[in-house]
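Colleague: coords please:
(chains A and B)
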Amino acid sequence: MISHSANAPLIEARDLVRTYEVRQGMFGKATPVRAVDGINLTVMPGETLGVVGESGSGKSTLGRMLLGIDPPQGGETFFEGKPMPKLGTPEWRALRARMQLVYQDPLAALDRRLTIAEQIGEPLAIHKLVPKEHRATRVAELMTAVGLRPDQADRYPHELSGGQRQRVVIARALASCPKLLVCDEPVSALDVSIQAQVVNMLRDLQEKNGIAMVFISHDLKVVRNMADRVAVMYLGRIVEEASSDVIFSAPLHPYTKALVSSVPVPGKPLKGRVILQGEPPNPANRPSGCAFHPRCPLATDICRTSVPQLRQVADGRTAACHLMVGADQPVAA
Amino acid sequence: MFSNNLVELRDLKVAFDGIQVLHGIDLTVGRGEAIGLVGESGCGKSVTWLAALGLLPGKATVAGSVRVDGQEILGTPRSVLESVRGKRIAMIFQDPSSSLNPVLKIGRQITEALVLHRALTGQAAKAEALRLMDMVGIPDARRRFDLFPHEFSGGQCQRLMIAMALAGEPDLLVADEPTTALDATIQAQILDLLIELRAETGMATIFISHDLGAVSQVCERACVMYAGRIVEQGTIEALFDNPRHPYTRGLFDAIPRLDGPRERLIPIPGTVPHPRDLPEGCAFSPRCSHAAIDCRSRRPALSPMDDGRLLSCFHPVNQTSDLATVAASRVAEAVS
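Modeller: Below is the predicted model of the structure:
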């Protein structure tokens, strides 16, 4: 077995597929919904990959699949070059210490009957990382690292503000010194001034500890600030991937263009922006060909019949669109 | 006593269980005007309008004056309020799916508003409901008249809420975070719809939002609120090009940018104070980089500035002169 090096991906997903069964009505026939439909991605150690898309694009499911919480029906995930162990096995549990998840709603993620110190210390006990007598010191360290005062240790979640609660969740995620942090809309519920505090804190912690991050959000402005690379998802597939500097300044895929254009910028009028018509389609009733074609201003006949593959269109960027000029070779999985 | 203004709030105050949360709001809404209310959660943006329309729970104590076309509505009996609510002033909320009745067909819910406010019945009501559904951009309205709310998407539910709000042909639409729960592309559609409807019907709009970008697109004027008070008020151009209150400036600085170099964000330190223990003097002073001793003991009044804006700050940010000072000091350094 090859030992893991800094040049090898920390986590790699190959052709991930996740299908849910959705019933029409109480006794209706179950129809399969492909929430994640053949996704390939890699995250290098210390790197941040941003995942953007609208609700129903499968970005949260993808995040859970990367951690092995949602088992794939097709494809594989590799962590440090080794296949992801099955959900619930002792190997998977051991691995979970090295990969953590931060959710959008901190109040739902915290136990309201435990003090925050008890909750931050829980992973230390579960993974037997720190002997009991040193636990309090480690908890105090973690609280300081995320900007909480150690005298707040005996507070309960309801006694804290939204921003402070999210800091508790992040401290708990960091307790086991993870190599990978999957953040699912971590700052979406926070006010802008607090959001900026938490974003800065996450960036500092990441830099200091060399944590790789998958940052899932619908907020393009926050993603641009956090991520090195960004993948845009539409209906379970990646439609464009590029470095965060170029993807927002020069988007290629018509969907990415519309997303970037829909961000209200203070002082910039709405006129002249690309306002997409229609709604994201129902994943249970996926349009033929390119899933985006019913809303695409540029769609032609080929878009309605054939599914565009994700292709390399420039150095370090891929897009899935028939109208892209670029190499004809599909990107190897 | 007829005034040219549509709605006038004077010294509107609200307390919950003896804790004051709104400390005297003065706001005048002209006919057809669009005003944005911005600020972080808990600053009193929504409470202002819930109080004005008598929609707060019984434990709230409301004082001050709310006049619609010169007629006082605060503390008036329910029958008077009902003639204003929904008819003269309509309100839509953040979460459309919880504002709609899940067990009633959508057509019936819109028709109900028409029966109440415009005394339309039967075929006339149905025709008008279909027209409203068309107007807010529900495709194939006739076929979808008898569907239930869960059969519509979030964006369409918000459109339906707007259709119901328009049923009374209101003079003022209060939109409380109408796009916050929606996806980015749908958000842009709803903003576009609000702008279009206002141009078509000439109704005034109050747009409550924490999203400064969205406010600047819909409104001509905005009020920035902090801890139950308006701290700065002015035209969009004045506020956005040259924010004077350090809080307004802080809100702008905290927004991550989509263009230019990727820099560290500039947060506002600390958190919004709890209404129970507001700091003495200016409520923003503990978080303010411009605060001096006087800010901690006295509270600045909201007073008019030379350029027509209202500002409540002893030591406002002066962008242009600040830059000039920096430039001058740099020049001095270079010379020496």
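Colleague: Start from the N-terminal end of the stretch 151-300 of chain A and give the helices.
Modeller: For the stretch 151-300 of chain A, the helices defined by DSSP state H, counting those that start in this stretch cover A:162-174, A:192-209, A:220-226, A:244-249, A:254-262.
Colleague: In the stretch 201-333 of chain A, where is pLDDT below threshold?
Modeller: A:267-272, A:325-333 (pLDDT under 70).
Colleague: Just tell me which of the helices of the stretch 151-300 of chain A ends up closest to residue B:61.
Modeller: Across the helices of the stretch 151-300 of chain A, residue B:61 has its closest neighbour in helix A:162-174 (27.0 Å, Cβ to Cβ). Using the backbone N, CA and C atoms, a C-beta is placed for each residue, glycine as well.
Colleague: Pull the closest one out as CSV, backbone CA atoms only.
Modeller: Extracted C-alpha coordinates of helix A:162-174, given in CSV (Å, rounded to 0.1, in the frame of the first residue of the first chain):
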residue,chain,number,x,y,z
GLY,A,162,-26.5,32.3,17.4
GLY,A,163,-22.9,33.2,16.5
GLN,A,164,-21.6,31.8,19.8
ARG,A,165,-23.6,28.6,19.3
GLN,A,166,-22.0,28.1,15.9
ARG,A,167,-18.6,28.6,17.6
VAL,A,168,-19.4,25.8,20.1
VAL,A,169,-20.3,23.5,17.2
ILE,A,170,-17.1,24.3,15.5
ALA,A,171,-15.1,23.9,18.7
ARG,A,172,-16.6,20.4,19.1
ALA,A,173,-15.8,19.5,15.5
LEU,A,174,-12.2,20.6,16.0
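Colleague: returning to that earlier point: would you reformat the helices of the stretch 151-300 of chain A as a markdown table and include distance to residue A:9?
Modeller: Output for the helices of the stretch 151-300 of chain A, formatted as a markdown table (distance: least, Cβ to Cβ, whole Å):
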| stretch | distance to residue A:9 |
| --- | --- |
| helix A:162-174 | 21 |
| helix A:192-209 | 17 |
| helix A:220-226 | 19 |
| helix A:244-249 | 18 |
| helix A:254-262 | 24 |
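Colleague: Reformat the ones you listed as a markdown table; add distance to residue B:13 and mean neighbour count.
Modeller: Below are the helices of the stretch 151-300 of chain A laid out as a markdown table (distance: least, Cβ to Cβ, whole Å; neighbours: other Cβ atoms under 10 Å in any protein chain shown):
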| stretch | distance to residue B:13 | mean neighbour count |
| --- | --- | --- |
| helix A:162-174 | 26 | 24 |
| helix A:192-209 | 26 | 19 |
| helix A:220-226 | 36 | 24 |
| helix A:244-249 | 45 | 19 |
| helix A:254-262 | 39 | 23 |
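Colleague: in the stretch 101-250 of chain A, which spans are strands?
Modeller: Counting by DSSP state E, counting those that start in this stretch, one finds strands in the stretch 101-250 of chain A at the ranges A:180-184, A:212-216, A:229-234, A:237-243.
Colleague: Show me the one of the ones you listed that comes nearest residue B:24.
Modeller: Per Cβ to Cβ, nearest to residue B:24 of those: strand A:180-184, 41.1 Å.
Colleague: Please identify the pairing partners of the closest one and their relative orientation?
Modeller: Strand pairing for strand A:180-184, determined by DSSP bridges: strand A:99-102 (parallel), strand A:212-216 (parallel).
Colleague: Determine which stretch of these is the most buried.
Modeller: Of all those, strand A:212-216 has the most neighbours on average by mean count of other Cβ atoms under 10 Å in any protein chain shown, namely a mean of 25.
Colleague: so how far is that one from its chain's centroid?
Modeller: Its chain's C-alpha centre and that of strand A:212-216 lie 5 Å apart, by Cα atoms, centre = their mean, to the nearest Å.
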